[in-house]
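Novice: kindly generate the corresponding structure for this input.
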Amino acid sequence: MGSNQAKIDDYVYAVIGKHTQLKRDDILAWQQRFHQNCDPGSTTMTKEQFCKFYQELRPNENVKLLSENIFRAFDLNGDHGITFSEFLVAYVSTTEAPLEDKLRYAFNVYDIDRNSSIDRAEILFILHAMFELLGMSEEKAHKFSYNQCADTIMKNLDVNEDQCISKEEFIQGLIRDPFLQSLMNPFPHV
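Specialist: Predicted coordinates:
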């Protein structure tokens, strides 16, 4: 985990600048803030450091439950640490990217066991996390019925009825259903 990170080259700045509103100075400020949250001498965040950092990025939202899964999705090489480059690519992809790319990342966040599908247990986790993110109290959430909602999601997204939702079913289903999209997309307008 975390060898020293090379400086970001001009090509990366150019690509990010072309596709987003971020300027070189913005990226440098983010990089400095990112490294301030790493251990001294390290350029890689642990899961705990990332979860704290991510919650600071979204202070008005309750992302505690989601932040661990977001860490896993952002850890592109699977080494249990996040470099600034991994963070930058993933964060830009979830804030500035087209809807389909955001949904692709959302799928990766929810595919907890990394088996390329989402099952009913993972749907229940999603619901709990998203209700927390949306600020819905436990009492209000239970009135909504996690199980009933999970059944509806499975019915609407599991097109081939194999008791799990593939990435393609997830993306296409949420594109077709704005209500489910608003419920299940943690990156709508970060």
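Novice: buried residues, stretch 81-93. List them.
Specialist: Neighbour counts over stretch 81-93 (16 or more other C-beta atoms under 10 Å) mark Gly81, Ile82, Thr83, Phe84, Glu86, Phe87, Leu88, Val89, Ala90, Tyr91, Val92, Ser93 as buried. From N, CA and C alone the C-beta is placed, and that goes for glycine too.
Novice: can you name the next helix or strand after the lowest-mean-pLDDT helix or strand in the chain?
Specialist: In the chain, no helix or strand scores lower on mean pLDDT, DSSP states H and E than helix 138-144, which sits at a mean of 60. Downstream of helix 138-144, the next assigned helix or strand under DSSP states H and E is helix 146-157.
Novice: helices and strands around the very next helix or strand once past that next one, which ones?
Specialist: Later in the chain than helix 146-157, the nearest helix or strand by DSSP H and E is strand 164-166. Applying 3 or more C-beta pairs under 8 Å, 6 or more residues apart in numbering; DSSP states H and E, we find strand 164-166 packed against strand 117-119, helix 146-157.
Novice: mean pLDDT lowest where, among the ones you listed?
Specialist: Lowest mean pLDDT of those: helix 146-157, a mean of 90.
Novice: how far does that one sit from its chain's centre?
Specialist: Offset of helix 146-157 from its chain centre (C-alpha atoms, centre = their mean, to the nearest Å): 21 Å.
Novice: now do the strands in the chain.
Specialist: Secondary structure of the chain (DSSP state E): strands at 44-45, 82-83, 117-119, 164-166.
Novice: thinking again about what came up before, just the helices and strands packed on strand 164-166: most buried one?
Specialist: Across these, averaging neighbours per residue (mean count of other C-beta atoms under 10 Å) puts strand 117-119 on top, at a mean of 20.
Novice: ok, that strand: who's next to it in the sheet?
Specialist: Strand 117-119 has the following sheet partners, assigned by DSSP bridges: strand 164-166 (antiparallel).
Novice: residues contacting the strand it pairs with, please?
Specialist: Contacts to strand 164-166, defined as C-beta atoms under 8 Å, 6 or more residues apart in numbering, come from residues Ser116, Ser117, Ile118, Asp119, Ile123, Ile153, Met154, Leu157, Asp158, Asn160, Gly173.
Novice: tell me the contacts of the fourth one?
Specialist: Contact partners of Asp119, counting by C-beta under 8 Å, 6+ apart, are Gln163, Cys164, Ile165.
Novice: distance of it from Leu57?
Specialist: As for Asp119, its distance to Leu57 is 29 Å (criterion: C-beta to C-beta, to the nearest Å).
Novice: and for the second one?
Specialist: Distance of Ser117 to Leu57, given as C-beta to C-beta: 29 Å.
Novice: now the last one
Specialist: Using C-beta to C-beta, we find Gly173 at a distance of 28 Å from Leu57.
Novice: which one's more surrounded, these two?
Specialist: Set Gly173 next to Leu57 and count neighbours by other C-beta atoms under 10 Å: Gly173 wins out with 20 against 15.
Novice: how close does that one sit to Phe125?
Specialist: Using C-beta to C-beta, Gly173 is found at 18 Å from Phe125.
Novice: fine by me, thanks again.
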